[in-house]
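Q: Can you look at this prediction? I've put the sequence above it.
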Amino acid sequence: QTQFADIKGNDLYIDGIKASDLAKQYGTPLYVMSEGHIRHQMNELKTKFMDKYEKALPLFASKSFSCLAIYKLANEYGIGIDCVSAGEISIALRAGFDPDKIYFHGNNKLPSEIEYALSHDVTHFVVDNFYEIENCEKIAGKLGKKVKATLRIVPGIKAGGHNYIMTGHKDTKFGFSSHYGIYLKAIQQILESDNIEYEGIHCHIGSQVFDLFAYVNAMLQFMKFVNEIYNTFGVVTSKINAGGGYGIAYTKQDEPLDFESITSEIMKVIYNEYDSHGWERPAVMIEPGRYVVGNAGITLYTVGCIKEIPDVRTYVSIDGGMSDNIRTPLYDAKYDGIVANKAGETKTKTVTVVGKICESADMITKDLPVTANIMPGDIFAVFSTGAYNYSMSSNYNQLPKPAVVFTYEGESRVVVRRQTFDDLILFDEE
Ligand code: LLP
């Protein structure tokens, strides 16, 4: 990781800019994203995976943070992207993204989305189910296009930071089951199809994963599938997508895996198997989201009311909440934070930081040590908010969405402007 946030004197600095100056200039709540850190992470994907292994392509899982600026950055590094809707694809294309490096995911791609993707030359699909095969067959046939299919198969492995973000176990809505040869039936249909080409298989076990063995086991399981596919159809699978989910540190308790360890273990399992058969090595893909943008984000808020409930707790309210960061209510996420304009002071008070939304679950972080000198008007910074914050934001309680500002080498720029009250009724009929 890059060290883009540091404390000088009594202030927090982000990429060399005083956080409270950013708050003053752009207002709060404010999503600040270190472009330097995002570049660093994308460069890791490029140099430690894409350039290192032949035919390897990292995809950025853009659901974690989707806007024009991020697709432009990904394009600069030559990496691909994972899109989960026609909406995401449309923004990527607007940003000038090469359609051949877009992989279309989703467990219920609408016929209209399939048509949209294909008519814009987005032909790489991570195929999820039989209904999708049927729709691809029809729509690709009608448009005279060919879908290049990677089949999502459930490996039967439980991993991930919360029940809601586990996807690799048997009971999941994602992908083809590996039970009763279900996925083999899907491959057979694709092999018989005129409009869909079989390329490979896809595995995503879940998100915020800290367990290296889960990745190794999933790939070992996938090598069994590769063999079954070969034994059944005589076809060597030429593409393996090993998914994403690499956990990041939100607090000091989190111990993330090293990127190169994950990828080299994955590659070892795959290459060993292919080499042992004398098969041509496959193209391998990974698709991390949070790993690329998660630690890059710092949300700045202004402190409002501070409520001390004797013998219970102290609530510190900030000017945003679950509308800009829903992860604590949804996944019981943990965040670290600091009073940005009093960052040098010792932390002798324990508080619970809450939002201004009318919900008791509207909480950023519980039991956080802060300076006892915290007061209304202070700037409160929450760390590691770069993934699944802006992209999961809403206008609940009609709060305008915050702006997103990129910081880089002492400079800042708005990449998404703050919403106005007019934006709140943009779609209302007067
Ligand atoms: N690939 C697939 C097929 C996925 O479903 C996901 C995430 C990713 C890649 C990227 O996972 P990442 O590397 O970012 O963990 N909103 C939740 C996470 C849900 C992730 C959904 N799929 C959160 O805030 O923790």
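A: Sure thing, it's come through.
Q: ok, which stretches of the stretch 251-400 of the chain are strands?
A: Assigned by DSSP state E, counting those that start in this stretch, the strands in the stretch 251-400 of the chain fall at 283-286, 297-309, 313-318, 337-339, 347-354, 363-371, 379-383.
Q: In three-state terms, label the closest residue to Lys109 other than its chain neighbours for me.
A: Setting aside the residues directly before and after it, Lys109 is nearest to Glu132 in space (C-beta to C-beta, 6 or more residues apart in numbering), at 5.7 Å. (C-beta placed from N, C-alpha, C; glycine too.) Using DSSP: H, G, I helix; E, B strand; the rest coil, the structure places Glu132 in helix.
Q: Test my guess that Glu132 contacts Leu110.
A: No. Shown here, Glu132 and Leu110 do not form a contact pair, counting by C-beta atoms under 8 Å, at 10.0 Å.
Q: Can you name the residue of the stretch 1-150 of the chain nearest the ligand?
A: Minimum separation of the stretch 1-150 of the chain from the ligand (C-beta to the nearest ligand atom) falls at Ala61, amounting to 3.4 Å.
Q: was I right about that residue contacting Gly244?
A: Yes. Contact between Ala61 and Gly244 holds when scored by C-beta under 8 Å: they sit 5.1 Å apart.
Q: Pretty sure Leu118 sits in a strand.
A: No. Using three-state DSSP, the assignment for Leu118 is helix, not a strand.
Q: going forward can the numbers begin at 31, since that is how I track them
A: New numbering, starting at 31: the last item is Leu148.
Q: The ligand contacts on the stretch 131-280 of the chain?
A: For the stretch 131-280 of the chain, the residues found near the ligand under the criterion C-beta under 6 Å from any ligand atom are 135, 195, 234, 237-238, 273-276.
Q: the helices in the stretch 31-180 of the chain, which residues?
A: 49-56, 65-75, 98-107, 116-124, 141-149, 160-173 (DSSP state H, counting those that start in this stretch).
Q: got TSV for these, with distance to Asp130 too?
A: Shown next, in TSV, are the helices of the stretch 31-180 of the chain (distance: least, C-beta to C-beta, whole Å):
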stretch	distance to Asp130
helix 49-56	36
helix 65-75	18
helix 98-107	12
helix 116-124	12
helix 141-149	12
helix 160-173	16
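Q: Would you tell me which one of those is buried the most?
A: By mean neighbour count, with neighbours taken as mean count of other C-beta atoms under 10 Å, helix 65-75 ranks first of the helices of the stretch 31-180 of the chain at a mean of 21.
Q: Show me what that one is in contact with.
A: The contact list for helix 65-75 (C-beta atoms under 8 Å, 6 or more residues apart in numbering) reads 31-32, 34, 45, 88, 90, 100, 103-104, 106-107, 109, 289, 316, 318, 321-323, 325-326, 416, 436-439.
Q: what about 7 Å?
A: Surrounding helix 65-75, the residues in contact under the criterion C-beta atoms under 7 Å, 6 or more residues apart in numbering are 32, 34, 45, 88, 103-104, 107, 109, 289, 321-323, 325-326, 436-439.
Q: One more: stretch 257-264?
A: Here stretch 257-264 makes contact (C-beta under 7 Å, 6+ apart) with 214, 217, 221, 265-267.
Q: how does it look with 10 Å?
A: 181, 183, 208, 211, 213-214, 217-218, 221, 228, 230-231, 265-267, 303, 307, 309 (C-beta atoms under 10 Å, 6 or more residues apart in numbering).
Q: Now, the residues you listed that are in helices?
A: 213-214, 217-218, 221, 303, 307 (DSSP state H).
Q: Could you identify the most distant pair in these?
A: Across the ones in helices among the contacts of stretch 257-264, the longest distance by C-beta to C-beta is 22.2 Å; it joins Gln218 and Glu303.
Q: re earlier: ok, now which ones touch the residue nearest to Lys139?
A: For Glu162, the set of contacting residues under the criterion of C-beta under 10 Å, 6+ apart consists of 136-141, 144, 155-156, 177, 179, 182, 216, 226.
Q: Most proximal residue of the stretch 331-460 of the chain with respect to the ligand?
A: Sorted by distance to the ligand under C-beta to the nearest ligand atom, the residues of the stretch 331-460 of the chain start with Tyr418, at 3.1 Å.
Q: Nearest residue to that residue in space, please, no chain neighbours.
A: Going by C-beta to C-beta, 6+ apart, Tyr418 has Ser94 as its nearest residue, at 5.6 Å.
Q: next one: Thr437
A: In space, Thr437 is closest to Asp45, 3.8 Å off (C-beta to C-beta, 6+ apart).
Q: ok, and for stretch 192-211, which residues are buried?
A: 195-199, 204-206, 208 (16 or more other C-beta atoms under 10 Å).
Q: What's the end-to-end length of it?
A: Here the two ends of stretch 192-211 are set 29 Å apart, with distance taken as C-alpha to C-alpha, to the nearest Å.
Q: could you list every residue that touches Leu98?
A: 121-122, 124-127, 445-446.
Q: Now distance to the ligand and pLDDT too, for the residues you listed, in a markdown table please.
A: Supplementary listing: the contacts of Leu98 in a markdown table, determined by distance: C-beta to the nearest ligand atom, whole Å; pLDDT from 0 to 100:
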| residue | distance to the ligand | pLDDT |
| --- | --- | --- |
| Ile121 | 17 | 98 |
| Ala122 | 15 | 98 |
| Arg124 | 22 | 98 |
| Ala125 | 19 | 97 |
| Gly126 | 23 | 97 |
| Phe127 | 17 | 97 |
| Val445 | 20 | 98 |
| Val446 | 19 | 98 |
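Q: Correct me if wrong: Glu164 contacts Gln219.
A: Yes. Using C-beta atoms under 10 Å, Glu164 and Gln219 qualify as a contacting pair, with a distance of 8.6 Å.
Q: ranges for the strands of the stretch 131-280 of the chain?
A: Under DSSP E, counting those that start in this stretch, the stretch 131-280 of the chain gives strands at 132-134, 154-157, 177-182, 226-232, 269-271.
Q: still on that earlier bit, which phi and psi does the residue nearest to Thr437 have?
A: In terms of degrees, to the nearest 10, the main-chain angles of Asp45 are phi 50, psi 40.
Q: quick one: contacts for it?
A: Shown here is Asp45, whose contacts under the criterion C-beta under 10 Å, 6+ apart are 32, 34-36, 52, 62-67, 326, 328, 436-442.
Q: can you list the domain ranges for the chain.
A: Structural domains annotated on the chain: 35-63+324-454, 65-322, as defined by automatic domain parsing.
Q: Count the neighbours of the closest residue to Ile328 other than its chain neighbours for me.
A: In space, and not counting its chain neighbours, Ile328 is closest to Val62: 4.8 Å by C-beta to C-beta, 6+ apart. The number of residues packed around Val62, counting by other C-beta atoms under 10 Å, is 28.
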